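Chemist: sequence and predicted structure are below.
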Amino acid sequence: MAGDSPRDLVFITSNTNKVVEVKGILKEYGIESKHMDLEYPEIQADSIHEVALTSARHLCERVNRPFFIEDAGLFIEALEGFPGPYSSYVHKTIGNSGILKLMERVQQRASKFESVVAYADSIREIVVFRGVAEGNISLEARGEGWGFDPIFIPKGANKTYAEMGIDAKQRLSHRRTALERFAVWINQRKRNGGLKFSL
């Protein structure tokens, strides 16, 4: 056994932008994670939760140590929740400009970002943590950012995620909420002596 230090956690993703955000947020809770650049299939499903859970189960067959992944989606009310679980594919194909085109002349621009963190421990039990940020779709892409950040304005703000910059975004993002819940849970298990990693 390698002890119960959160430093042994592995974050699996091929998205380097996520790595920066995740490491920054978890560090505030005294948790450091190692990055593993590993691609994995993401099923087409009706919910982010189902996508993340299925991906984690798949990775349990390939990764022999505790790990976590994070999946997120943008849900636009006027588009009946689209792109939702298909956000990654939609961004790759039509991008922010495509979403804005779909939203032309649409006055109701309410939307939300949802993040799901799925953690698999050494005995392959999976725990899922969710975070949501309500907001609106901007009229145009604003700021330099990745993903849908240039077109999402969080509730109570007048800037898009991209315009805010990473530090301001991380204080109120959907990803932060999910990771905070994950971090609190991890640290609680550590204090109780229940976090045991087999590496």
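Modeler: Done, it's in.
Chemist: next, Gly73: phi, psi?
Modeler: When quoted as degrees, to the nearest 10, the phi and psi of Gly73 stand at phi -150, psi 150.
Chemist: and stretch 185-193, average pLDDT?
Modeler: Mean pLDDT, stretch 185-193: 85.
Chemist: buried stuff in it?
Modeler: Residues Ile186, Arg189, Lys190 are the ones in stretch 185-193 that count as buried (16 or more other C-beta atoms under 10 Å). For every residue, glycine as well, the C-beta is placed using N, CA and C.
Chemist: what about those residues, which are in strands?
Modeler: The strands, defined by DSSP state E, take in nothing from these.
Chemist: can you redo these as a markdown table with distance to Ser47?
Modeler: Converted to a markdown table, these look like this (distance: C-beta to C-beta, whole Å):
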| residue | distance to Ser47 |
| --- | --- |
| Ile186 | 24 |
| Arg189 | 26 |
| Lys190 | 30 |
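Chemist: by contact count, what packs against the helix or strand of the chain with the lowest mean pLDDT?
Modeler: Of the helices and strands making up the chain, the lowest-confidence element is helix 166-172, at a mean of 87, by mean pLDDT, DSSP states H and E. Here helix 166-172 touches helix 16-27, going by 3 or more C-beta pairs under 8 Å, 6 or more residues apart in numbering; DSSP states H and E.
Chemist: what comes into contact with the helix it packs on?
Modeler: With contacts defined as C-beta atoms under 8 Å, 6 or more residues apart in numbering, helix 16-27 is touched by 11, 13, 32-33, 35, 70, 146-147, 166, 169-170, 173, 175-176, 179-180, 183.
Chemist: cool, and stretch 80-92?
Modeler: Here stretch 80-92 has contacts from 42, 44-48, 50-51, 72-76, 98-99, 147-148, using C-beta under 8 Å, 6+ apart.
Chemist: change it to 10 Å
Modeler: With contacts defined as C-beta atoms under 10 Å, 6 or more residues apart in numbering, stretch 80-92 is touched by 15, 42-52, 71-76, 93-94, 98-99, 102, 111-114, 116, 146-148.
Chemist: now do it: distance to the chain's middle.
Modeler: 14 Å (C-alpha atoms, centre = their mean, to the nearest Å).
Chemist: check contacts around Lys101.
Modeler: Contacts of Lys101 (C-beta under 10 Å, 6+ apart): Ile94, Gly95.
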